[in-house]
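[1] Coordinates only, no sequence provided:
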């Protein structure tokens, strides 16, 4: 995924300015981005505060870590299950 040169707090600040009546084209020209990029930001981050966004990122990271742990444990479980079945059949 391509990294943006703007932090989430900067993006949220720009969206708040737009919600307060500032023209989107002016904001885009000032930030050096396209209007499509701005509206994509607005679609993704609209209605969020910086604290909420930070918490959402933390939860996404934790979820990814837990999914990885589950996958590893599932592999171990299946390997042990296969080993026990082979031993019983022998």
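    Looks like it came in fine. A quick note: this is a predicted structure, and the numbers were derived from the prediction, not measured. Numbering: from 1, shown residues only.

[2] Give the buried residues for the strand or helix carrying residue 79.
    Element membership for residue 79 (DSSP states H and E) is helix 50-89. The neighbour-count check on helix 50-89 (16 or more other C-beta atoms under 10 Å) flags residue 53 as buried. Bear in mind the C-beta positions are built from the backbone N, C-alpha and C, glycine included.

[3] just checking, what packs against it?
    helix 8-19 (3 or more C-beta pairs under 8 Å, 6 or more residues apart in numbering; DSSP states H and E).

[4] Which elements pack onto the helix or strand following the helix it packs on?
    Using DSSP H and E, the next helix or strand after helix 8-19 towards the C-terminus is helix 24-31. Counting contacts by 3+ C-beta pairs under 8 Å, 6+ apart, helix 24-31 packs against helix 8-19, helix 35-45.

[5] Give me the angle between the first one and helix 50-89.
    If I follow you right, that is helix 8-19. If you take axes from the mean of the first three to the mean of the last three C-alpha atoms, to 10 degrees, helix 8-19 sits at 130 degrees to helix 50-89.

[6] Same check on the last one?
    Here helix 35-45 points in a direction 70 degrees away from that of helix 50-89 (the same axes, to 10 degrees).

[7] And helix 35-45, how far out from the chain middle?
    15 Å (C-alpha atoms, centre = their mean, to the nearest Å).

[8] Let me see the mean pLDDT of it.
    Averaged over helix 35-45, pLDDT sits at 91.

[9] for stretch 81-90, same thing?
    85.

[10] What are the contacting residues of that stretch?
    Outside stretch 81-90, no residue is within contact range by C-beta atoms under 8 Å, 6 or more residues apart in numbering.

[11] circling back: looking at the helices and strands packed on helix 24-31, spot the one closest to residue 69.
    Residue 69 sits nearest to helix 8-19 of all these, at 26.6 Å, using C-beta to C-beta.
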